[in-house]
Structures are given as structure tokens and as C-alpha cells.
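Colleague: mind looking at a prediction? Sequence and model below.
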Amino acid sequence: MSAERTRARARKDAAEAVHTFADAGRIAGGAVADAVAGGVSSRLSGLSDVVSGSVHDARHALAEVVEPTPARVRRAPWIVAVLLLTAAAVWGWATVLQREREVDPGTPVPTTPPTDDQIHGKPIGQGRSQASGH
């Protein structure tokens, strides 16, 4: 009976060993599954963040294309430029208008008194030689 007892005990020990190995396998499998799931979930989480950011950027880009934001007009430089050009124009015109112009001497004023012919004009049909008596 000692051989049968030894066999029974060996079977019992073998069954316990199989159960122990099975439990260890389940624990290891669970740990591996958790690790893989954790890695996959972290990768999926990172991927979802990237996709979410890309979708957000795409939505903003599409919104700007459909309805662009109004460009900010900087008016101050234009106002300053117009004022400077106006001041330059006023200064230029003032300089041109105040400059002394040359006076056209024209016909010199005679210093001798005019003759009767110059005052009254010449009689018709009479020349200078006829009026003096020659």
C-alpha cells in the first residue's frame, strides 16, 4: 500500500501543482494583460490627445477660412503720414508764394512830353512830311 499511497499522494501533489501553476498563470496573464492594456490605453490616450488637438486645429483653420477674422488696421501711421505730407505741402506753397518774383520791366516810361500827334492821333491822309509844310 505504500506504493498506492505514494501514487495517490503524487496525484494529489500533481493536481495541486497544476492548480498552483494555473493560478500563477492566471496571475501572470492578468499582470501581462494589465500591462498590455495599460500600455495600449496610454498609447490610445496619447493618440486621442493628438487626434483631439488635430481636430481642434482643423476646426479653427476651417472657421478662419469660412469666416476670417478682421484684420486690424493700424490707423496711427497713416494719420501721421497724412499730417506730415500736409505740413510739407503747406510749407512748399508758402515758400513758393513768398518768393520775390522778377518784375517784367515792360516798355520804359518816356521822359519827354508827348506830341500833339501822339495825343490826338494823326489826321487821315496826312503824313509827317505834309504836316510840317514840305
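Modeller: Arrived safely.

Colleague: in what helix or strand does Val32 lie?
Modeller: helix 2-66 (DSSP states H and E).

Colleague: same thing with Pro110?
Modeller: Applying DSSP H and E, one finds Pro110 in no helix or strand.

Colleague: now for it, how many residues are close by?
Modeller: 8 (other CB atoms under 10 Å). No exception for glycine: its C-beta is placed from N, CA and C like everyone else's.

Colleague: now the phi/psi pair for it, please.
Modeller: phi -70, psi 150 (degrees, to the nearest 10).

Colleague: how close does it sit to Asp117?
Modeller: The gap separating Pro110 from Asp117 is 14 Å, by CB to CB, to the nearest Å.

Colleague: same question for Ala58.
Modeller: Distance from Ala58 to Asp117, by CB to CB: 104 Å.

Colleague: could you measure from Trp78 over to Ala71?
Modeller: Applying CB to CB to Trp78 and Ala71 gives a distance of 14 Å.

Colleague: next secondary structure element downstream of the helix holding Val32?
Modeller: Per DSSP H and E, the helix or strand that comes after helix 2-66 is helix 75-98.

Colleague: packing partners of that next one?
Modeller: The contact analysis (3 or more CB pairs under 8 Å, 6 or more residues apart in numbering; DSSP states H and E) places helix 75-98 against no helix or strand.

Colleague: any buried residues in the helix or strand following it, and which?
Modeller: Per DSSP H and E, the first helix or strand lying C-terminal to helix 75-98 is helix 116-120. By neighbour count with 16 or more other CB atoms under 10 Å, helix 116-120 contains no buried residues.

Colleague: Trp78 and Ala71: which is more packed in?
Modeller: Applying other CB under 10 Å to Trp78 and Ala71 shows that Trp78 carries more neighbours, namely 10 against 6.

Colleague: that one: what's it in contact with?
Modeller: Contacts for Trp78 (CB atoms under 8 Å, 6 or more residues apart in numbering) come out as none.
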